[in-house]
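[1] I'll drop the sequence and a predicted model, then ask my questions.
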Amino acid sequence: MRTGYATLPLHGGRAPAWLFRRMVRLARALALHVIEADGTAGLLRRLSDPFWFQAFGCVLGFDWHSSGLTTTTTGALKEGLRGLEADTGLCVAGGKGAAGRRTPADLEAACAAWGTEAAPLVRASRLAAKVDSAAVQDGYQIYHHAFVATREGAWCVIQQGMRDATGLARRYHWLGEGLESFVREPHAAVCCDARGAALNLVAAESATAQDAMLRLAREPAAETERLLRRLPELRLPRRHAVTLRDVDPRRLRRILLSTWERAPADFSELLLTPGLGARALRALALCAELVHGTPVSTRDPARFSFAHGGKDRTPYPVDRTVYDHTIAVLESGLRRAPVERREREAALRRLAAFAGGDR
C-alpha cells in the first residue's frame with residue numbers, strides 16, 4: 001500500500017498565465033498518450049486513482065501541498081481536451097463553483113454531439129454530488145465537481161470539499177466502472193490527512209438505517225410528527241452525530257409530505273428528492289433510529305492521505321525550457337503513435353492550432 005500523510009492547506013490565487021498555458025498543452029499530450037495506450041477507460045481509471053492524479057498534477061507543474069492542484073489540474077485537462085470530444089470520445093465536464101453546477105449542461109451538449117443518451121450520466125453526476133454533500137457529512141463543503149465521461153457511457157468523478165475552520169481540503173474520487181451502488185461504499189477513494197466522526201449514510205453498516213429512513217419517507221407524516229413532539233422527553237446516546245437542533249418539525253413535515261407523495265423506490269431516489277438536504281437527512285436518520293432502532297454509521301470515509309499540490313514554487317520554480325521540451329517530446333510521440341489515420345490527423349491539426357495560439 002502506497003500510503004502517507006501530508007497537510008493539505010487551502011490556497012488562494014491562481015496559477016500564472018504562462019504556466020497554465022503550458023499545463024493545458026502538457027495535460028492534452030499526456031491524456032492523448034494514455035488514451036492511445038489504454039483507451040478512454042484507461043484514462044478514467046487513472047484519474048480515479050488519487051496517487052496517479054496527484055502525480056499528474058505535479059508533472060503539470062503544481063507543487064506538492066496545495067488544494068489548488070485539484071481545481072487547476074482538472075481545469076487544464078478540460079481546456080486541453082476541449083474540441084477533441086469527437087475524436088477522443090471523451091468529455092470533461094464541470095469544475096469549480098459555477099462550472100460544477102453546469103455539469104448537466106456540459107454532458108447534455110457532449111451527448112447530443114455523440115448521438116448518445118445523457119440522462120444516465122447526468123443522474124450519476126447528481127448522485128455523486130448529493131452523496132458527498134449530504135449523505136456523507138464530514139465537515140467538508142463541496143466546492144469542486146468534475147465529471148469525466150466517455151461516448152460509451154463510462155465515467156469518473158473528482159470532487160473536493162473544504163473546511164474553513166481548519167483550512168484543509170478533502171478529495172473524493174469515483175469510478176463508474178464496477179460500481180454496484182451509489183449508496184453502499186461507492187467511492188474509489190476519499191483522501192484527507194485528518195479523520196473524525198462523520199455521519200456516513202453510505203457506509204455498509206448504515207444499510208439498515210437506509211431501509212428505515214426509506215420506510216419513514218414512504219409513510220404519511222402524522223406518526224412521525226407525533227414522535228417529534230415527544231423528542232424532548234427522550235435520552236439520546238452521547239455518541240450520536242445527530243442532535244435535536246437538527247430537527248425542525250415543520251420543515252421535516254414538508255419533506256416527509258414530499259417523499260410520501262413521490263414514494264422513492266430506493267435510497268438513491270430518496271437522496272435525489274428536491275429539497276432533501278443535509279439537515280433533513282440528519283433529522284430523518286434520527287427519527288429512523290428512534291422508530292426502528294437503526295443507528296447510522298459515524299465512520300469517516302477517508303481511507304488514506306496524500307500529498308497535495310501547490311503553486312508556490314515548492315519544491316522549486318518551474319523550468320520553462322524543460323517544460324516546453326517535455327511537451328515537444330510528447331507531441332512528437334503522438335505523431336509516431338500507431339493510431340488510426342483519421343484520428344491521428346484530426347488530433348495533430350488541433351494540437352498545431354493550440355501550439356500556434358500559445359506562443
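    It's in.
[2] And the contacts of the helix or strand where Ala105 lies?
    Remark: Ala105 resides in helix 103-114, with elements defined by DSSP states H and E. With contact meaning C-beta atoms under 8 Å, 6 or more residues apart in numbering, helix 103-114 is reached by 85-86, 89, 91, 93-94, 117-118, 121-122, 125-126, 145, 147, 149, 151. The C-beta positions use only the backbone N, C-alpha and C, and glycine is treated the same way.
[3] I'd like to know how many residues surround Asp266.
    Using other C-beta atoms under 10 Å, Asp266 has 13 other residues around it.
[4] residues near the nearest residue to it once chain neighbours are set aside, how many?
    Distances taken as C-beta to C-beta, 6 or more residues apart in numbering put Leu214 closest to Asp266, at 7.0 Å, once the chain neighbours are dropped. Close neighbours of Leu214, defined as other C-beta under 10 Å, add up to 20.
[5] Leu199 now?
    Leu199: 24 neighbours (other C-beta under 10 Å).
[6] Please apply the same query to the one 3 residues further on.
    Using other C-beta under 10 Å, the number of residues around Val202 comes to 22.
[7] So for it, what's the pLDDT?
    pLDDT, Val202: 92.
[8] can you check the one 5 residues further on too?
    You'll see Ala207 listed with a pLDDT of 93.
[9] mind checking how far it is from Glu152?
    31 Å (C-beta to C-beta, to the nearest Å).
[10] Please identify which of the two sits among more neighbours.
    Neighbour count, other C-beta under 10 Å: between Ala207 and Glu152, Ala207 has more, with 18 against 12.
[11] Let me know the helix or strand that that one is in.
    Counting by DSSP H and E, Ala207 is part of helix 207-218.
[12] Determine the set of other helices and strands touching that helix.
    Applying 3 or more C-beta pairs under 8 Å, 6 or more residues apart in numbering; DSSP states H and E, one finds that helix 207-218 contacts helix 249-262, helix 267-271, helix 278-292.
[13] How about residues contacting the next helix or strand after the helix holding Ala105?
    Counting by DSSP H and E, the next helix or strand C-terminal to helix 103-114 is helix 119-130. For helix 119-130, the surrounding residues in contact (C-beta under 8 Å, 6+ apart) are 93-94, 100, 103-104, 107-108, 111, 142, 145, 147, 149, 153, 155, 157, 159, 172, 174, 176, 182, 186, 268, 271-272.
[14] In PyMOL, how would I select the buried members of the residues you listed?
    Here is the PyMOL command that selects only those of these that count as buried (16 or more other C-beta atoms under 10 Å):
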select buried, resi 93+94+100+103+104+107+111+142+145+147+149+155+157+159+172+174+176+182+186+268+271
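[15] which SS class is the residue nearest to Asp324 when sequence neighbours are not counted?
    Spatially, and ignoring its direct neighbours in sequence, Asp324 is nearest to Arg22 (7.0 Å; C-beta to C-beta, 6+ apart). With DSSP: H, G, I helix; E, B strand; the rest coil as the basis, Arg22 sits in helix.
[16] Was I right to think Arg22 contacts Gly80?
    No. Counting by C-beta atoms under 8 Å, Gly80 is not a contact partner of Arg22; they are 10.6 Å apart.
[17] Of the two, which one has the most company?
    Neighbour count, other C-beta under 10 Å: between Arg22 and Gly80, Gly80 has more, with 24 against 21.
[18] Which strand or helix spans that one?
    Secondary structure from DSSP H and E places Gly80 in helix 68-81.
[19] Return the alpha-carbon coordinates of that helix using PDB.
    C-alpha atoms of helix 68-81 as PDB (Å, rounded to 0.1, in the frame of the first residue of the first chain):
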ATOM      1  CA  GLY A  68      -5.300  24.200  -5.800                       C
ATOM      2  CA  LEU A  69      -3.800  21.200  -7.600                       C
ATOM      3  CA  THR A  70      -7.300  19.600  -7.900                       C
ATOM      4  CA  THR A  71      -9.100  22.500  -9.500                       C
ATOM      5  CA  THR A  72      -6.200  23.600 -11.800                       C
ATOM      6  CA  THR A  73      -5.300  20.100 -12.900                       C
ATOM      7  CA  THR A  74      -8.900  19.300 -13.900                       C
ATOM      8  CA  GLY A  75      -9.200  22.800 -15.400                       C
ATOM      9  CA  ALA A  76      -6.100  22.200 -17.600                       C
ATOM     10  CA  LEU A  77      -7.400  18.800 -18.700                       C
ATOM     11  CA  LYS A  78     -10.800  20.200 -19.600                       C
ATOM     12  CA  GLU A  79      -9.300  23.000 -21.600                       C
ATOM     13  CA  GLY A  80      -6.700  20.700 -23.200                       C
ATOM     14  CA  LEU A  81      -9.300  18.300 -24.500                       C
END
